[in-house]
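Curious how this folds, go ahead:
(chains A and B)
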Amino acid sequence: MNVRLDRRAFLASSAAAATLPMPAIAQNKPIRIGLLTVKTGPLAQGGIQMEQGVTLFLKDRNNKIAGRPVELLIGDTGGNPAGTKTKAQELIERDQVDMIFGPLAAFELLAITDYVAAHKTPILSLAAAEDMSQRKPNPYFVRASGTSAQNMQPLADYAAKELKYKSVITISEDFAYGYEQMGGFQRVFEGAGGHVVKKLWPPLVTPDYTPYLAQLSGVDAVVQGFAGSNPLKFMKQYADAGVKLPVLGGGTAGDDALLKSFGDEAIGMISASAYTSDLDSPMNQHFVEGMVRDYGSTPGLYAAGLYINGLVAEAALEKLGGNTDDKDAVIKALRAVSLTDSPRGPFHFDHFGNVVGTVYIRRLERKTGKLVQTTIKSYPNTSQFWTFEEKWFLEQPVYSRDYPPLKS
Amino acid sequence: MNLWLILSINSVTLGGLLFLLSAGFSLIFGLMRIPNLTHGSMFMLGAYFGVTLIGWGFGFWLAALMAGLGVALFGGIVERFVLRRLVGNELAQVLVTLGLSFMVADVCLMQWGGDPISVDTPAGLVGSSKVFGMAFPTYRLAIIFIAVAIAAALWGMLDRTRLGAMIRAAVDDPAMARVVGIRVSHLFTFVFCLGAGLAGFAGVIGGPILSVYPGLDQDMLPLALVVVILGGSGSLLGSLVGSFVVGLLYNFGQAMFPELAYVVLFLPMLIVLVLRPRGLFGRAAP
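Prediction:
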């Protein structure tokens, strides 16, 4: 599987560029961006969308950032930590990339975080692991998508204050991303007077959710935090089992890329996400049009995340005049990026390199025959710490399976 | 209590689906001694075929049958041109079928993309029916009937027909079967096609519940393995009982000990392997 299909050079023909007058720095040398993605196995869906997002961005820019051509080097991690390590080493040591986009999953990122930090390589990842920008920060880390709980904390606020829900049951995969999402939801929901009655954790691979569905009753709503293809399966079985409770979901649970796969069973789901395809901004309209034109699908978190990474890299490198020699200057510039328009709206970064931006609460609806997301509330300037004080937040343990504990 | 009743009924429906999946695996493994690790891929391939056929306008049931036939054909090619050359060499068979499963997964990803595809529940079986006064998804009840019908048909074929007698003879003593004029090699190809076709058919039938997505093959293969090891390879009754046992373990295990879901599922397999290697209903190895 790991034949050399995994790299594709997007080197713009430098002939045209060479004839133009250039400033003194070696501008013809391409900027090298390594993309760690997954092209095989169950995570490939997200991985393919990541590649589409960054490819579209480079196409929009004619393969040029800050006056320099861009070379994109793609490494297929195979969706496992060992593969990620191997590909990261290739990108950094052999290809000497200036920065890395990706990887997708937290366990991939955790396998390489120390390594990339030791090599001072800026890494712009989508992986949502909380502690990457909290208790165990990597100084070369930038995350424009957000932590696991960053969407769930506003969702909990919305559920308690606007929907007036008093009690919920949460259900999410039995791994860190699920724990962190539901931990964040619980802390905010209970802070606002709500009550999380039960937290259910089906294994990542669960062909049949019915044993869990049978336990969903006696509450105002169900909060689901599934990822990948699981939201699809879950919603279908949820409807089939005749459960009528309203469903709230996180970013991956109601991801816009799933809109074409969902059926009527998902109508009415309210989800919170850092990206929503219905955002009315020039940059987002351009992005959605490009994705529909080139790939025939409404983009979701993964494609948008990588397009935004491209914007972040561009903004930083323009400030540096295209100079990537000093890696500490590059990471500083990356973290200083503050954009007023992007596919996810305005955002900037905190001092951990994690995004502070808008979180959108959307309702899934059918309009003129198509499933769409309609934004019903936005929470601008949402930080990973929500409204909690940073120091207090960091003193608490990281969200986990049993933290915060259930109140009896 | 409602919960337990729902879990019980659901155990039976999941068992039905598992039977469709594992009957083919059991046939192939029991009769031909081929540990066919592409079985999960056959399931997924069938599901993808079904999705495409339904997209072309075929009805759900026709699409399921055609997908089954398509996968049977694929299975036949694999048996005839690859596995045939590796008779008796189990390690090579394991490696080849494992390799094939990766290849199928990659080709599916290329052909159908990475997005999960949902399969609509066939018209007429949408919604829920009342069972013991409780709403229960109609389609899942239909799966039980399909599984029982197929189990009966398979049993009839193996136990009551001349073809079945020939297959049993070829398994017990291939050399003697040849002497009396049975074309053993043709029989084995037939059995392999049948097993593969059943898996493909099951893929489409499972579609409305599981949807189709990359990785479905690797999700289903272990379940087929557990069923066959529990029930005993080559025994239809074993597959049937194994499927329902696994359905029960799966449902009650996940409801009662969610953090030990996999332990509950695989521990019985381990115990059976250690104490009774041929499974609950398997025959002693010849």
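
If you drop the residues flanking it in sequence, what lies closest to B:Phe58?
B:Met66 (6.8 Å; CB to CB, 6 or more residues apart in numbering or on different chains). Yep, even glycine has a C-beta here, placed from its N, CA and C like the rest.

What ranges does the stretch 51-200 of chain B have for its strands?
Using DSSP state E, counting those that start in this stretch, the strands of the stretch 51-200 of chain B run over residues B:128-131, B:134-137.

Tell me which other helices or strands the first one touches.
Contact partners of strand B:128-131 among helices and strands, from 3 or more CB pairs under 8 Å, 6 or more residues apart in numbering or on different chains; DSSP states H and E: strand B:134-137, helix B:138-160.

Any idea which of these gets closest to chain A?
When these are compared by CB to the nearest CB, strand B:134-137 sits nearest chain A, at 4.1 Å.

Can you give the contact residues for that closest one?
Residues outside strand B:134-137 that contact it (CB atoms under 8 Å, 6 or more residues apart in numbering or on different chains): A:Asp240, A:Ala241, A:Gly242, B:Asn2, B:Leu5, B:Ile6, B:Ile9, B:Gly127, B:Ser128, B:Ser129, B:Lys130.

from these, which is closest to A:Ala149?
Distance to A:Ala149, by CB to CB, is smallest for A:Ala241 among the contacts of strand B:134-137, at 28.1 Å.

Unless I'm misreading it, the closest one sits right up against A:Pro211, doesn't it?
No: using CB atoms under 8 Å, A:Ala241 is not in contact with A:Pro211; the gap is 10.5 Å.

Who has more neighbours out of the two?
Of the pair A:Ala241 and A:Pro211, A:Pro211 is the one with more neighbours under other CB atoms under 10 Å in any protein chain shown, namely 25 against 21.

Show me what the regular element (helix or strand) spanning the more buried one is packed up against.
Per DSSP states H and E: A:Pro211 is located in helix A:210-213. Secondary-structure packing of helix A:210-213 (3+ CB pairs under 8 Å, 6+ apart): helix A:230-240, helix B:2-32, helix B:236-256.

cutoff 10 Å now
With contacts taken as 3 or more CB pairs under 10 Å, 6 or more residues apart in numbering or on different chains; DSSP states H and E, helix A:210-213 sits against strand A:167-171, strand A:195-200, helix A:230-240, helix B:2-32, helix B:236-256.

secondary structure class for A:Tyr165?
Of the three states, A:Tyr165 takes coil under DSSP: H, G, I helix; E, B strand; the rest coil.

What residues does the closest residue to it other than its chain neighbours make contact with?
Leaving aside its chain neighbours, A:Tyr165 sits nearest to A:Asp220 (4.0 Å; criterion: CB to CB, 6+ apart). Residues in contact with A:Asp220 (CB atoms under 10 Å, 6 or more residues apart in numbering or on different chains) are A:159, A:163-169, A:194-195, A:197, A:245-246, A:248.

Look up how far chain A lies from the residue lying closest to B:Met157 once chain neighbours are set aside.
Nearest residue to B:Met157, sequence neighbours excluded (CB to CB, 6+ apart): B:Gly164, at 5.1 Å. Distance, B:Gly164 to chain A, using CB to the nearest CB, to the nearest Å: 31 Å.

wait, what's in contact with B:Gly164?
Applying CB under 10 Å, 6+ apart to B:Gly164 gives the contacts B:Leu154, B:Trp155, B:Gly156, B:Met157, B:Leu158.

Need the pLDDT of it.
If you check B:Gly164, the pLDDT there is 89.

Same question for A:Leu11.
On the pLDDT scale, A:Leu11 is placed at 41.

Repeat that for A:Asp402.
92.

go on, the one 5 residues further on?
You'll see A:Lys407 listed with a pLDDT of 88.

Tell me if I'm right that B:Phe25 and B:Ser239 touch.
Yes: using CB atoms under 10 Å, B:Phe25 makes contact with B:Ser239 at a distance of 8.0 Å.

where do the contact lists of the two overlap?
Listed as contacting both B:Phe25 and B:Ser239 by CB under 10 Å, 6+ apart are B:Ala224, B:Val227, B:Val228, B:Ser233.

Against B:Phe188, how distant is the residue lying closest to the last one once chain neighbours are set aside?
What that stands for is B:Ser233. Nearest residue to B:Ser233, sequence neighbours excluded (CB to CB, 6+ apart): B:Gly30, at 4.0 Å. B:Gly30 sits 12 Å away from B:Phe188 when distances are taken as CB to CB, to the nearest Å.

shared neighbours, these two?
Joint contacts of B:Gly30 and B:Phe188 (CB under 10 Å, 6+ apart) are B:Val171.

what are the ranges of the helices in the stretch 251-400 of chain A?
In the stretch 251-400 of chain A, the segments counted as helices under DSSP state H, counting those that start in this stretch are A:282-295, A:301-319, A:327-335, A:390-395.

ditto for the stretch 101-250 of chain A
Taking DSSP H, counting those that start in this stretch, the helices of the stretch 101-250 of chain A run over residues A:106-118, A:152-161, A:176-191, A:210-213, A:230-240.

Would you mind listing the buried residues in the fourth one?
Applying a neighbour-count criterion of 16 or more other CB atoms under 10 Å in any protein chain shown, one finds A:Thr210, A:Pro211, A:Tyr212, A:Leu213 buried in helix A:210-213.

just stretch A:358-368 next, same as before
If you call a residue buried by 16+ other CB under 10 Å, then stretch A:358-368 has these buried ones: A:Thr358, A:Val359, A:Tyr360, A:Ile361, A:Arg362, A:Arg363, A:Leu364.

Now tabulate those in TSV and tack on pLDDT and distance to A:Leu301.
Below are the buried residues of stretch A:358-368 laid out as TSV (pLDDT from 0 to 100; distance: CB to CB, whole Å):
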residue	pLDDT	distance to A:Leu301
A:Thr358	97	14
A:Val359	97	12
A:Tyr360	98	11
A:Ile361	98	15
A:Arg362	97	12
A:Arg363	97	17
A:Leu364	97	15
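
hey, least reliable of the helices of the stretch 101-250 of chain A by pLDDT?
Per-stretch mean pLDDT for the helices of the stretch 101-250 of chain A is lowest at helix A:210-213 (a mean of 88).

returning to that earlier point: buried subset of the contacts of B:Gly164?
Buried members of the contacts of B:Gly164, scored by 16+ other CB under 10 Å, are B:Leu154, B:Leu158.

quick one: pLDDT of A:Ile65?
On the pLDDT scale, A:Ile65 gets 94.

residue contacts, the spatially closest residue to it that is not a sequence neighbour?
Nearest residue to A:Ile65, sequence neighbours excluded (CB to CB, 6+ apart): A:Glu314, at 4.8 Å. By CB under 10 Å, 6+ apart, the contact list for A:Glu314 reads A:Ile31, A:Phe57, A:Arg61, A:Lys64, A:Ile65, A:Ala66, A:Val70, A:Val337, A:Leu339.
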